[in-house]
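1. how would this look folded up:
(4 chains)
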Number of protein chains: 4
Amino acid sequence: SAPLALIAGPCQLESRQHAFDMAGALKELAGRLGIGLVYKTSFDKANRTSLGGTRGAGLEKALPVFDDLRKEFSLPVLTDIHNEEQCGIVAPHVDVLQIPAFLSRQTDLLIAAARTGRIVNVKKGQFLAPWDMKNVVAKLTESGNANVLVTERGASFGYNTLVSDMRALPIMAEIGAPVIFDATHSVQQPGGQGNSSGGERRFVETLARAAVAVGVAGVFIETHQDPDNAPSDGPNMVPLDKLPALLERLIALDRVAKA
Amino acid sequence: SAPLALIAGPCQLESRQHAFDMAGALKELAGRLGIGLVYKTSFDKANRTSLGGTRGAGLEKALPVFDDLRKEFSLPVLTDIHNEEQCGIVAPHVDVLQIPAFLSRQTDLLIAAARTGRIVNVKKGQFLAPWDMKNVVAKLTESGNANVLVTERGASFGYNTLVSDMRALPIMAEIGAPVIFDATHSVQQPGGQGNSSGGERRFVETLARAAVAVGVAGVFIETHQDPDNAPSDGPNMVPLDKLPALLERLIALDRVAKA
Amino acid sequence: SAPLALIAGPCQLESRQHAFDMAGALKELAGRLGIGLVYKTSFDKANRTSLGGTRGAGLEKALPVFDDLRKEFSLPVLTDIHNEEQCGIVAPHVDVLQIPAFLSRQTDLLIAAARTGRIVNVKKGQFLAPWDMKNVVAKLTESGNANVLVTERGASFGYNTLVSDMRALPIMAEIGAPVIFDATHSVQQPGGQGNSSGGERRFVETLARAAVAVGVAGVFIETHQDPDNAPSDGPNMVPLDKLPALLERLIALDRVAKA
Amino acid sequence: SAPLALIAGPCQLESRQHAFDMAGALKELAGRLGIGLVYKTSFDKANRTSLGGTRGAGLEKALPVFDDLRKEFSLPVLTDIHNEEQCGIVAPHVDVLQIPAFLSRQTDLLIAAARTGRIVNVKKGQFLAPWDMKNVVAKLTESGNANVLVTERGASFGYNTLVSDMRALPIMAEIGAPVIFDATHSVQQPGGQGNSSGGERRFVETLARAAVAVGVAGVFIETHQDPDNAPSDGPNMVPLDKLPALLERLIALDRVAKA
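-> Below is the predicted model:
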């Protein structure tokens, strides 16, 4: 198997400068550690817990930044899309289109994403069993796109809690698409702060270690230079300065897992 | 409290004739039993388990049938919508727009539905706690629409299984919107048949009895003259000829519950 | 089906006087409402969350009180037992031996209880599916005792939470033993207060209404004249003065359910 | 932290010869790999799914075999006990008394085990949250025994399914007792075969890898030379000849995890 890859970036595209700072720091780190990097950023948070949640820069402002990030850093860019229309608009500006977990059963969105020809990363719905992803992946491949990634990000476990079932990783691997483990959304507590989602950042490393030891193609980690003041997902993002030590450990585990 | 109302109809709009047959039979039954009726039908099944699942008549064919049903039977019509664009197109032809459970956190869809001024029935996501619906309802009311219904249809419980937590009914009632219990989707086994969802029709009455005894504004029951040959949701729809006895029992329980 | 029966009493045997007061009040109430009554009380709370929890009067003090309750009030008495040895000792002093939910898979305890010839009420483990109770009941009946009751008291749902799946009632009824719904333990939050279990008394009526409307042989309700000052299970017991209105509603629902 | 230790052996004590064969093979393997070994075996399976399940050699036959195993192989022996009385009887013949998961809330059993002075390994109930184990451990330490191990073996997740929440490992480690991961019971499907428990042996390595990478004091693995013909737990035991490769991988992961 190929060595561990990294999908990382801040939850939201906050500004051109912030994106450049984050992408630069992550590219330098990935280069030093010798791992592949996809830069993740969102132009819109379409399913915030409440109306008052900050939604992001918006499509118009984001697309030129995506272009510049790819040019400046030679980095593949991943972003999530939320309806069919966005797929065609966004595709020319990114390398990977991501289907949010809540939308993983929306047939038209999957077809539209597939038809762009871009790599599609589909997150497993919190309400799905790992074997249910076979049908989700088939909606993409039967639409003519074999470049599919599947991402584990936790399953509903009682109220306001997710659990990461590590058995899901080999089960999804059997489908044939590379499996990514999303270590920062897996520690979310959906709706857990009343009008926003909580999270337990201290378990990001726990779950990432576990997933990498089981064997995954990559890890997805949202990071920020100052998570507690980030506009979204603060409780679960990893501080940028903690990322090097975390990744070094994960790379070492990956070597053993794939030996 | 007002007496129990009924939202009923087949899962899909199959044809004009089928819709007229079903609506006529349901109107006659509701009249005889003295209960309010909203006719439910879907023009598109947008989240079938697999690509091969029948999706329904489509928007263009469905809207004139909705118009005719309302004219012919003086019945309010409810249908579900799946993206912002559909809201404005569909609203003039129906009385109630329904937000599917998987989409209950999609802010733009909620806002677009609210802005039509139609009654909005939002189903609780299988991944949400009952108290999380407060934020969902607020997205609608803060968009200027106070005509909101909330529907319980089960919560994720392990893999491929839903459980109906009856405590959800009084918790959601505190939000202020009338609470509907969806008795036929609550017995679904999501993804339980490999490439389609299963269901256990024999528990529809169990769960409907329970919910009505707790106290709800209405029950939502999908019905069909021949469920085993219906294009979708067959395993959980109630045969039309079993509906009268079921409703008579529910009405009697409702009287005791609201005495 | 026979009309709804009631198993009720305080969580613990606190004192002879308290037992007489409670039994007297409950007998008067059951007589007035015309329903069967089994008096429930525990001589030992063997699985308190922490060592500091009050454990009850103990076996030696309790048995003579059980005798006197039966003589004085002509009431059948139910108590829970926790090991094989207790079965034979306790059986002559009570009418029903109860197997606690945590112990519902302990073969020797089930056999010992069955062999006393007393009625055995076995609570479904929080970790069991309703169909698993078939094997539990078979351990009792194959040990020569057909007088078995099965009691639903909630299933584990995430951490520190139980959910009552109303489908469990008809599933367990198919086993052949009368089904009881334990409305006060079903609202427990196991371990939910750190070193004791919490509970939400306000949902006792919700769940009891639901279960009775589905159809059960009886309801199990722990009650106390002053739950907030009771030595155990205070958060979920029903105040004695709220019991008449609750039971009247349940009896009315039972009549409809069994009509 | 100390390097990974191993608790291993067959589910049941089948015969003196079988025990000697297994203990000999495991001791040789542990010696070769340089890891600590505790030999696990049960004299009684007290909570089989149904009465027909084989229960084991029984106390009388087992104790002399325990003595001989300890003498012959200089191996610490672990066995599980099911009531207070057994604690004192079994303690002189073993090094570790194990509290079964279903019994992890039984106060008297915990006290009796603690008072023997032996190491006590308590398995987390399938119905408990990881933080609930603080109270369980306190029952042991407040009874005067600080030699406590806690074992993760899965949490109830819907019906007939367990999920291993890897966050439980660091949460339990904070209690202060060494944490063991039971990799073979965690893949059980309780009651999943109708009248016996199923299991998915193929996930033992998945979960063991994950737990070791997170960081545990030891792993618990039931093993047998021919699991498919073993008298209990066959579906989840690891074939003896697959154990060396599994352990080599776990030891390598442990080194990285604790570096």
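
2. my guess is residue A:228 meets residue A:234, correct?
-> Yes - if you go by C-beta atoms under 8 Å, residue A:228 and residue A:234 touch, sitting 5.4 Å apart. Placement of C-beta: from N, CA and C, glycine included.

3. which of these two has more neighbours?
-> When residue A:228 and residue A:234 are compared on other C-beta atoms under 10 Å in any protein chain shown, the one with more neighbours turns out to be residue A:234, at 18 against 10.

4. What distance do you get for the residue lying closest to that one once chain neighbours are set aside to residue A:199?
-> Once flanking residues are discounted, residue A:234 sits nearest to residue A:227: 4.7 Å by C-beta to C-beta, 6 or more residues apart in numbering or on different chains. Distance, residue A:227 to residue A:199, using C-beta to C-beta, to the nearest Å: 10 Å.

5. Those two - which one has more neighbours?
-> Neighbours per residue (other C-beta under 10 Å) separate residue A:227 from residue A:199, with residue A:199 holding more: 25 against 22.

6. Spatially, which residue comes closest to the more buried one, not counting chain neighbours?
-> Residue A:199's closest residue in space is residue A:236 (C-beta to C-beta, 6+ apart), at 3.0 Å.

7. go on, residue A:205?
-> residue A:246 (5.6 Å).

8. Show me the common contact partners of residue A:227 and residue A:199, please.
-> Residues touching both residue A:227 and residue A:199 (C-beta atoms under 8 Å, 6 or more residues apart in numbering or on different chains): A:233-236.

9. Next to chain B in this structure, residues from the stretch 1-150 of chain A, please.
-> A:46-51, A:55, A:82-85, A:102-103, A:105-108, A:125-132, A:135, A:138-139, A:142-143 (C-beta under 8 Å from any C-beta of the partner chain).

10. Phi first, then psi, for the spatially most central residue of chain A.
-> In chain A, the centroid-proximal residue (C-alpha atoms, centre = their mean) is residue A:220; its distance is 4.9 Å. With angles defined as degrees, to the nearest 10, residue A:220 sits at phi -110, psi 120.

11. Contact partners for it?
-> So residue A:220 contacts A:7-8, A:40, A:151, A:153, A:180-185 (C-beta under 8 Å, 6+ apart).

12. one more time with 10 Å
-> By C-beta atoms under 10 Å, 6 or more residues apart in numbering or on different chains, the contact set of residue A:220 is A:5-9, A:38, A:40, A:78, A:98, A:121, A:123, A:149, A:151-153, A:180-186, A:208.

13. and if you look at residue A:77?
-> Contacts of residue A:77 by C-beta under 10 Å, 6+ apart are A:9, A:19, A:23, A:38-41, A:65-67, A:69-70, A:93-96.

14. 7 Å instead?
-> A:39, A:66, A:69-70, A:94-95 (C-beta atoms under 7 Å, 6 or more residues apart in numbering or on different chains).

15. is it in a bridge, and if so with what?
-> residue A:39 (DSSP bridges).

16. can you give me the mean pLDDT across the host helix or strand of residue A:31?
-> Residue A:31 belongs to helix A:16-33 when assigned by DSSP states H and E. Averaged across helix A:16-33, the pLDDT comes to 97.

17. which other helices and strands contact it?
-> strand A:5-9, strand A:37-40, helix A:59-73, helix A:243-257 (3 or more C-beta pairs under 7 Å, 6 or more residues apart in numbering or on different chains; DSSP states H and E).

18. what inclination does that helix have with respect to strand A:5-9?
-> 160 degrees (axes from the mean of the first three to the mean of the last three C-alpha atoms, to 10 degrees).

19. In the stretch 1-150 of chain A, which residue sits nearest chain D?
-> residue A:129 (9.8 Å; C-beta to the nearest C-beta).

20. next one: phi and psi at the nearest residue to that residue once chain neighbours are set aside?
-> The shortest distance from residue A:129 to any non-neighbouring residue, by C-beta to C-beta, 6+ apart, is to residue B:159 (3.6 Å). Backbone torsions of residue B:159, given as degrees, to the nearest 10, read phi -90, psi 140.

21. what's the answer for residue A:221, then?
-> For residue A:221, the backbone dihedrals (degrees, to the nearest 10) come out as phi -140, psi 120.

22. now swap in the one 4 residues further on and tell me
-> As for residue A:225, its main-chain torsions (degrees, to the nearest 10) stand at phi -70, psi -20.

23. and the gap between it and residue B:196?
-> 47 Å.

24. More neighbours: those two, which one.
-> Higher neighbour count among residue A:225 and residue B:196: residue B:196, with 20 against 15, using other C-beta under 10 Å.

25. Which other helices and strands does the helix or strand bottoming out on mean pLDDT in chain A contact?
-> Scoring the helices and strands of chain A by mean pLDDT, DSSP states H and E places strand A:198-199 at the bottom, with a mean of 81. Under the contact criterion of 3+ C-beta pairs under 7 Å, 6+ apart, strand A:198-199 touches strand A:188-189.

26. Just the residues contacting the strand it packs on, thanks.
-> With contact meaning C-beta under 7 Å, 6+ apart, strand A:188-189 is reached by A:160-162, A:197-199, A:236.

27. Flag the least confident of those.
-> Lowest pLDDT among the contacts of strand A:188-189: residue A:197, 75.

28. and the residues of the stretch 1-150 of chain A next to chain B, which of them are in helices?
-> A:84-85, A:107-108, A:135, A:138-139 (DSSP state H).

29. Save these as CSV, and put in neighbour count and pLDDT too.
-> Shown next, in CSV, are those (neighbours: other C-beta atoms under 10 Å in any protein chain shown; pLDDT from 0 to 100):
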residue, neighbour count, pLDDT
A:84, 18, 93
A:85, 15, 91
A:107, 21, 94
A:108, 17, 94
A:135, 21, 95
A:138, 18, 97
A:139, 27, 96
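
30. and the end-to-end length of stretch A:74-87?
-> In stretch A:74-87, first residue to last residue: 22 Å (C-alpha to C-alpha, to the nearest Å).

31. The least confident helix or strand of chain A pairs with which strands?
-> Looking at strand A:198-199 with DSSP bridges, what it pairs with is strand A:188-189 (antiparallel).

32. and the partner strand, how far out from the chain's middle?
-> 15 Å (C-alpha atoms, centre = their mean, to the nearest Å).

33. Count the neighbours of residue A:92 for me.
-> 11.

34. Same check on residue A:217?
-> Neighbours of residue A:217 (other C-beta under 10 Å): 20.

35. Would you check that it makes contact with residue A:179?
-> Yes - contact criterion C-beta atoms under 7 Å: residue A:217 and residue A:179 qualify, at 5.7 Å.

36. near chain D, which residues of the stretch 101-250 of chain A?
-> Neighbours of chain D within the stretch 101-250 of chain A, by C-beta under 7 Å from any C-beta of the partner chain: A:157, A:163-167, A:170, A:203, A:206-207, A:209-210, A:212-214, A:249.

37. Please report how far residue A:175 lies from residue A:112.
-> 21 Å.

38. which non-adjacent residue is nearest residue A:46?
-> residue A:82 is the one closest to residue A:46 (C-beta to C-beta, 6+ apart), at 4.2 Å.

39. dump the residue contacts of that neighbour.
-> Contacts of residue A:82 by C-beta under 7 Å, 6+ apart are A:44, A:46, A:100, A:103.

40. Need the worst-confidence member of those residues.
-> At the low end of pLDDT for these is residue A:46, which has 78.

41. No further queries at this time; thank you.
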